[in-house]
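[1] I would like the atomic coordinates for the input below:
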Amino acid sequence: MSEIKELIKRIEELRLNMIKVQEGRAYTDPVVLAASQELDDVLDKYQEMLLKKDEKE
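    Residues are numbered from 1 along each chain as shown. The predicted model follows:
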């Protein structure tokens, strides 16, 4: 599986996890913030990969 496809799969997993974690909690809850940050980190990596891919083409 390509690295981009792996990242997309990971993004979906983290997105679903964040939804589950957020249920019954405030958006400012440390657990929700940690899940959100983890998702943001992977989204940033995905965005960087897309930009590098576009630069090569």
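[2] Check which helices and strands the helix ranked longest in the chain is in contact with.
    The longest helix of the chain (DSSP state H) is helix 30-56. Secondary-structure packing of helix 30-56 (3 or more CB pairs under 8 Å, 6 or more residues apart in numbering; DSSP states H and E): helix 3-22. For every residue, glycine as well, the C-beta is placed using N, CA and C.
[3] quick one on the thing from earlier: which of the residues in the longest helix of the chain are buried?
    Residues of helix 30-56 classed as buried by neighbour count (16 or more other CB atoms under 10 Å): V32, A35, L39, V42, Y46.
[4] Go through those and name the one nearest K20.
    Taking CB to CB as the measure, K20 sits nearest to A35 out of the buried residues of helix 30-56, at 8.7 Å.
[5] Let me see the contact set for that closest one.
    A35 makes contact with L14, N17, M18, V21, Q22, according to CB atoms under 8 Å, 6 or more residues apart in numbering.
[6] ok, now L14?
    By CB under 8 Å, 6+ apart, the contact list for L14 reads A35, E38, L39, V42.
[7] re the thing from before, I'd like the mean pLDDT over the longest helix of the chain, please.
    The average pLDDT within helix 30-56 is 94.
[8] just to revisit the earlier point, can you lay out the buried residues of helix 30-56 as JSON lines showing distance to D54?
    JSON lines is the format used below for those (distance: CB to CB, whole Å):
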{"residue": "V32", "distance to D54": "33"}
{"residue": "A35", "distance to D54": "29"}
{"residue": "L39", "distance to D54": "23"}
{"residue": "V42", "distance to D54": "19"}
{"residue": "Y46", "distance to D54": "13"}
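[9] if we can go back for a sec, weed out the non-buried ones from the contacts of A35.
    Buried among the contacts of A35 (16+ other CB under 10 Å): L14, M18, V21.
[10] Please tell me I have it right and the second one contacts L39.
    Spelled out, that is M18. Yes - between M18 and L39 there is a contact at 5.6 Å, judged by CB atoms under 8 Å.
[11] Can you tell me the number of residues neighbouring T28?
    T28: 7 surrounding residues under other CB atoms under 10 Å.
[12] which residue is nearest the centroid of this structure?
    L39 (2.9 Å; CA atoms, centre = their mean).
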